[in-house]
Every structure is written in C-alpha cells, then in structure tokens.
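Asker: show me the folded form of this:
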Amino acid sequence: MHVIPFVSASSSSAMWLPIVALTLLSITVVSTLPAADCSDGCLSLPSCDKITDISPSETFPPSTTAIEACGRLERKVSRGDTDFQKFVQLKGDSLVIVNEEETNTWCGNETRSCVKCQNGQPAATDDRENVDQCADRLMSGRLYSRLKLLQRLANREWPNRRIRVLEAWEEPTATSTNGIHPASSLHYEGRSARIDVSVAVPSPVPAVPDSSKDSQLFSRLGALAVCAGFDHTSHKIEDAGNYLTVSVRKQKGTHGRITTFPSGATFLEVDTPHSHLSDYQQSDDSSPLFDSDGYSQHHLSSHYRVGDFLSHHPLTSQPYRYFRLRPELIYCLEIVHTAVKDNIRVISGYWTISEDNNRPSNETKNRMHTAGRGLHVETTSSSIQPSDLATTIAEECGTYFVSTGQNLGIILLNNGVYFDIRETFLASTSFDVSIPSQEFHKQIVEVMSTADRRIESSNCDSPSPSIQSASYKYNAVPSQLTGVDPCPLNGQSSDYCSRTQLARNTWVETLWQTVKLKYFSQTEADMQLAIKECLEPCAQCVQGETWQTKLAGCNRFVHWSPLLLTTDSEQLINRNATFYAQSNRFTKEKACGAGQTCITHTEMFSVLAPAIEAIHYSTDASLNSERLFGMPHNPTPLYDLMQETFAMHASGNPTVWLSSKQDMAALLDVFKALLIHNTQVEMVTIQYLNSGLDEATVIRFLENAISHWTHSSCRSMSRSNAAPYQLQAFTD
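Answerer: Here you go, the predicted structure:
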C-alpha cells in the first residue's frame, strides 16, 4: 500500500492521492417494493427457489430468537410518541388485516374507542387521524417494506391466496392493559408481525384460513419470508393452526441504508432513539447510527469486533447500545496492523455526546469520536513509538481516505495516536507531546507526499521551468514536426503579419529601451536578441521554426530580464501566490483581489502587459481591430512563460483559480511548475467554480498529468515528490 498527497468531499479541502481500487466497503439503499399484481410475471422479484423451507418449530436464522437476531426492545411505543410518528401505515387490501382488538371497549388508552381496520375501512384513506386508530396496520418502516415484498412473492407462488396480518404493532386494550405479548416482544416497537396465509375470496374474509393445518404450505411461506428479507422468521403451530412470526432489526425509514464493513458484516442505519436524543443526536448524517445489540462480538474485519468501538457509560462503564463508525477507519486499522506487524489496540472509538461531555477539553479538541469518524489507538509493542505509528497511519491510510473523497486528520498523543477521516487535512500534537505541532505537521505532509509520487525520470532533454537567473540556459524543445514546416521563420508572411510588422518592431524597441536602463549580466546584444526573437517573429502556428524561435527568445528574456517576476524583491519569492488563466477576467478578479499575490503585481507584468494585450488598429477601415500578440493570427508563449516562472518563485501555499476545463488546460504549465518543480511549495490550493467544474473532473485532469510528469520530468530539476494539493469549491 502506497500513500501520497490531498481532495475535497464538499466545498472544504482534502488531500489527494492516487485513487485506490477498493470494493470492501459500501453503502447501499434498499428501496421499498410497491405492491404489484404480478402482471409482468413478477420477473423483477428475486428467485426464492434455493431457499430451504422452514419446518414447524424451526427458525431462521436457525436456533435463534427474534431478540437475538433483531435486537432487544428499546421501549414500548405509545400513541403520541415521537417514535410512533415514524410508524408506516399498511394501506389498502393487498394484505388482509385481522383486527382482533376491535371488540374491546378501548384501544391505546381509556379515552379511545376501537375501530375496524379490515379492508375497505379507513386504511384506504389518507386521513391519518382515522387510520392511526388501527394498530395492526402500523409498523416500522422495515417491517412494512418486507411485508409488501412478501405479498408479491406469495402472489407469484399462490395467485389465489393472500397474506393475513394477525398482529403487528401492539398497544394496550381494555382486556390486555399491558398487551397480549411478553414484555420484551418486538411487537411493541412495531418490529414483529404474526402472519398466516389464506385463500383469496370475496369479502368478508373468513376469520380462520382454510389452510391453517397445511404445515407444508407454511414451511414454504417461511422460505418466502426469508427471501423477502425478514431478519428473523419463526414457524409455529398452536391449536388454531400454523402461523409465522416475522421480525426485523431497527431501520431508519422504509429505505434501508446499509453499510458494509471489511469483513462483509452489514449494518442498517437506525433512527436516533427519541428517549436518547441527548446521547446520539447529530446534525450530520454522513456517519449513520447503528444498533449493536446482539452484535458486539461480530467481526468488522479480521482483527476487530463491534465491541472494540462502542462508547461506555461514564458511571457504569457498560457499553452504550448504539454507535457510529465509518468503515474506512476499520480498513485503515487492518492495513496499519499489517504494516507494523503488531496488534493495534483501540483505546477509544465512538463516543456518545454524554461521554464526550464528561471528558476534559484537551481530550476532545479537534476530535470526531461522536461522529464515528475518529479513533484513538496504540500498539501493544514497546518498540513502536507513537510517532512511528502516526507515520505509518499517514503512509497507509492517506491514499485510501482521499479515494473516498475525504481526508486524514491525525494528532500525536503521549499515549498513542488519534486519527480520523475528515474533509480538511489536520496534523497536530497534544499539549503534552515534546514534538511541536508545526514540526509534526511538516513531517506528516512530507510522508504523504512520498510513495507513488516520486519523480523517477532522468530525462533532462526537454526544458524544465526555472526561476529568473542570469545563468539560465535554454534547452530547445525537440521538434514534433514531420514533413514540411507550415510556418518557417523566413517563409512567406501572411497579410496579418505584413500589416503588423511595424507595430511589432515598435514594441521590440520600446521594451528594449525600458530594459537597457536596468542592470543585467548578459551582453546588450544577447538581451536585445532575446527580446527581438520573442516579439518580432509572426506566424499562426504553435510548432515549427517560427514557434521555436519565439520560445527560445521569450524564455531567455523572461529568465534573464532585470524586470522581476516576484513581489518580494529581497527574497525573490511570491509567498502564497495566486494564478488564473489569462483570458478569464472572472477568475482574475478572484486571484488578484485585495490581499492576493498575483502576477499583475509584478514589475515584469506591469511593463509587458500593454504589449501582451496590445490591439492593432488597421488603417484599412474594412479590417477589424486585431490582437497584436495572440490567437488566432500570432500566438505568443510570453504570458504562459511569465506565469510559469512566476510559479517557480512561489512559496508556501499558492492558489490556482479555475472556472472551466479551458482554464485547466491553459494553466497546465503552471500546475507542472508548482507540483513537480518548485521545491518551496508546501501545498497547492485549487479553487474551482462548482457551477463550471466538478471535483472528479479536476482530480482526473491533475492525476493524469501528475502520472505523466513523474515519469517524464528531469529528476535533477524537480522536487523529490509531487507536491500535495487540496480542492475547494466556490460559487459565482
């Protein structure tokens, strides 16, 4: 596993490293299947042929109880509760509702009368006030979606039969003030239903199904229930006949958001229990809440179980039932475990808000335990220091975190390492660690800038960008031309080149008069020739002899020139410089606003801008005004070379502003200078317009370029590794 540098999951920044192909972790959504009459032959339904029937007294999973498979009852849900409002109503008559409570004098509480809720009664309406009165039509979202799917499967299997719901949510009645089920029954949370199957006949439906004694039919129904995705199915026989009890785990809504961990273990997102809002409520739902009940010993990966990450009550030390945990953290632990060849112990995983509030502020600062995004770990070996562990985590997990659209946060502690998955990169130390945060940050950045981004090539034939220097020597770009040169230096001039000859010569002389007033190391003849070769030749080609002459002259002039491309004339650097594409006035305003350091603030630009932007006005009224230097008639490399050289003088954290794919292409040489050649760059920030570009497009463009550059750039003229970069979105 190799690691490299930083990307954004939103408008925040994050570190970028090459995308890693991983299929271990996923989040999927299981949609509720609508009721159907199988007019399409039920071709869209899953095949249940290979699922074993459930014989009487058997369960699925085998030898388990509903509570073991689905988790304990949290609390009985009563009418009016917040949790009651999350129940889903089973409308219509595709399933038969057998309402045995309707003969009671009251249901729910002594002030509420019991009503019919069989087919055709208020269940067919959207009037919630009436529908709420029927308990057996109310249930959790997961139980609802599984029952609807089971009805479709049964309809395919037995077109003349329907599923009957005997019991769903259970509430007190006049004859059973505590409910008819055991106190721990999942019926009280709307997570269990008792069902059977009947022949479909015109209303009224018989009270007792004619198939109740058919154990074989119910065994097959049990198989269909497993196929429909119930978490627990039990086939029972009582005096009245066969029936199934089907139960489900807690789930948020009818659309199950499933998170898969490296071991293949899956967890459903659950609603925050209303009775424990103060412990679990989060405004950010990017880290789902899971129910650990019955699963604390389940493996999330080869070396880690659910119980390793649970929060513990500050008074009883008992683990809390619910938890948040990003699966990326588990994957990271496993690869670090392999890398250090030693056990990595989890000191702290998920924290409830209560646990977080009971800890000292120095332990909670910059940590993300309550979001399930952070872990505090240590090694069991005394030979591995916390700083070594931190380095390994940065090396092994940085790439992976970024491949998920996030970034790494890491804090060096005196008793281990805290790390998390976040939007913005962080590397710091706790107050009781001897290594200063700034030094640790620099070390981690360097670590994450190494593997897979090393400049490996020894190809130094092509020119490399350079700072301004009297000793600069230009290496000509090898010609890519084959065949006849379309733009030879002394070839026949175009009409445009002929009529603008005098104007170009005037700019050559004007620039020379400015430059010669300053001190420079080259001879006057060499400097004057460089200016002449840069501005005097004219052709519409960006290849061939004329273009090569322009490149040579402009490169020598820009690098030899006494006109500086730096805003700090003493240190010759551009601290936190900003860049934009020449033709984009919108990003220019962003890059060159108050407090920014862009090329327009340099001496060279102020002198050359009039020439670069010069317009030629013809004496012929029939001709339009035309750019003297630029597309389409006379492209010049001068502006791009100035930006590239300005980039080579950048230091710290330069910023590049983009609003389109055209901007990315126009600034390709700037990116190469900043990411590959400039050793003073710590981090490149890329601001992209979110209405014109998306994060994936920018990443793909840069990573393809970096991959090429690391294998083609001159190692002696480059950084040891490509610089890290971070993305930040901005709006119009």
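Asker: if I look at the residue nearest in space to the middle of the chain, how far off is V445?
Answerer: Residue closest to the mean C-alpha point of the chain, counted by CA atoms, centre = their mean, is G405 at 3.2 Å. Separation of G405 from V445 (CB to CB, to the nearest Å) stands at 20 Å. Backbone N, C-alpha and C define where each C-beta goes, glycine included.
Asker: same question for D420.
Answerer: 17 Å.
Asker: which of those two has more neighbours?
Answerer: Neighbour comparison, D420 and V445: the larger count goes to D420, with 26 against 19 (by other CB atoms under 10 Å).
Asker: tell me the SS of the more buried one?
Answerer: Here D420 is strand, with the state taken from DSSP: H, G, I helix; E, B strand; the rest coil.
Asker: nearest residue to it in space, please, no chain neighbours.
Answerer: Closest residue to D420 apart from its sequence neighbours, by CB to CB, 6 or more residues apart in numbering: G374 at 3.4 Å.
Asker: can you check D196 too?
Answerer: Once flanking residues are discounted, D196 sits nearest to Y243: 4.7 Å by CB to CB, 6+ apart.
Asker: which strand residues bridge that neighbour?
Answerer: K236 (DSSP bridges).
Asker: isn't the residue nearest to D420 right up against Y418?
Answerer: Yes. Between G374 and Y418 there is a contact under CB atoms under 8 Å: 6.2 Å.
Asker: joint contacts of those two?
Answerer: R367 (CB atoms under 8 Å, 6 or more residues apart in numbering).
Asker: now the phi/psi pair for Q726, please.
Answerer: Main-chain torsions, Q726, degrees, to the nearest 10: phi -140, psi 150.
Asker: where in the stretch 151-300 of the chain is pLDDT low?
Answerer: Residue ranges of the stretch 151-300 of the chain with pLDDT under 70: 199-213, 284-285.
Asker: the strands in it, which residues?
Answerer: Secondary structure of the stretch 151-300 of the chain, counting by DSSP state E, counting those that start in this stretch: strands at 161-167, 192-199, 232-238, 241-247, 256-260, 266-268, 289-291.
Asker: what comes up buried for the last one?
Answerer: Which is strand 289-291. L289, F290, D291 (16 or more other CB atoms under 10 Å).
Asker: which stretches in the stretch 201-350 of the chain count as helices?
Answerer: 215-228, 277-280, 327-340 (DSSP state H, counting those that start in this stretch).
Asker: could the ones you listed go into TSV alongside distance to C70 and mean neighbour count?
Answerer: TSV is the format used below for the helices of the stretch 201-350 of the chain (distance: least, CB to CB, whole Å; neighbours: other CB atoms under 10 Å):
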stretch	distance to C70	mean neighbour count
helix 215-228	13	22
helix 277-280	19	16
helix 327-340	22	21
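Asker: of those, which is nearest S361?
Answerer: Checking the helices of the stretch 201-350 of the chain against S361 by CB to CB gives helix 277-280 as the closest, at 19.0 Å.
Asker: contacts for that closest one next, please.
Answerer: Counting by CB under 8 Å, 6+ apart, T272, P273, L289, Y320, Y322, T352, I353, S354 sit against helix 277-280.
Asker: now swap in stretch 325-339 and tell me
Answerer: With CB under 8 Å, 6+ apart as the test, stretch 325-339 has contacts from 1, 22, 24-25, 259-262, 287, 290, 300-304, 309, 343-344, 346, 349-350, 372-375, 377, 389, 392-393, 395-397, 400-401, 404, 406, 419-421.
Asker: average pLDDT for it?
Answerer: In this model, stretch 325-339 carries a mean pLDDT of 92.
Asker: and it, how far from the chain's centre?
Answerer: 17 Å (CA atoms, centre = their mean, to the nearest Å).
Asker: kindly export it (C-alpha atoms) in CSV.
Answerer: Below are the C-alpha coordinates for stretch 325-339, written out as CSV (Å, rounded to 0.1, in the frame of the first residue of the first chain):
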residue,chain,number,x,y,z
LEU,A,325,-18.4,4.2,12.8
ARG,A,326,-17.0,4.9,9.4
PRO,A,327,-15.9,1.6,7.7
GLU,A,328,-12.9,3.4,6.2
LEU,A,329,-11.4,3.5,9.7
ILE,A,330,-11.6,-0.3,10.0
TYR,A,331,-9.9,-0.8,6.7
CYS,A,332,-7.2,1.6,7.8
LEU,A,333,-6.7,-0.3,11.0
GLU,A,334,-6.2,-3.5,9.1
ILE,A,335,-3.6,-2.2,6.7
VAL,A,336,-1.7,-0.5,9.5
HIS,A,337,-1.9,-3.7,11.5
THR,A,338,-0.3,-5.5,8.5
ALA,A,339,2.3,-2.7,8.0
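Asker: what's the spacing between S63 and R220?
Answerer: 21 Å.
Asker: which one is V447 nearest to, not counting chain neighbours?
Answerer: According to CB to CB, 6+ apart, the nearest residue to V447 is A394 (4.6 Å).
Asker: I699 versus the one you found, what's the distance?
Answerer: Applying CB to CB to A394 and I699 gives a distance of 20 Å.
Asker: out of those two, which sits in the busier spot?
Answerer: A394 (25 against 20).
Asker: show me the contacts for that one.
Answerer: V3, L408, I410, A427, I444, V447, M448.
Asker: surely the fourth one meets Q438?
Answerer: This means A427. No. If you go by CB under 8 Å, A427 and Q438 don't touch, sitting 9.6 Å apart.
Asker: same drill for these two, tell me which one is more crowded.
Answerer: A direct count of neighbours by other CB under 10 Å for A427 and Q438 places A427 higher, at 22 against 11.
Asker: still on that earlier bit, so which pair among the contacts of helix 277-280 is furthest apart in space?
Answerer: The widest separation within the contacts of helix 277-280 (CB to CB) is 14.7 Å, between L289 and S354.
Asker: what about the residue nearest to T404 when sequence neighbours are not counted, distance to E626?
Answerer: Closest residue in space to T404, ignoring its immediate chain neighbours: E328 at 5.6 Å, by CB to CB, 6+ apart. Note on E328: its distance to E626, by CB to CB, is 56 Å.
Asker: repeat that for P62.
Answerer: Taking CB to CB, one finds P62 at 84 Å from E626.
Asker: kindly report the same for H616.
Answerer: The value you get for H616 to E626, if CB to CB is used, is 5 Å.
Asker: any shared contact partners between these two?
Answerer: T500.
Asker: would E395 count as being in a helix?
Answerer: Yes. With three-state DSSP as the criterion, E395 is part of a helix.
Asker: make sure it is actually in contact with E446.
Answerer: No. Look at E395 against E446 with CB under 8 Å: they stay out of range, at 10.8 Å.
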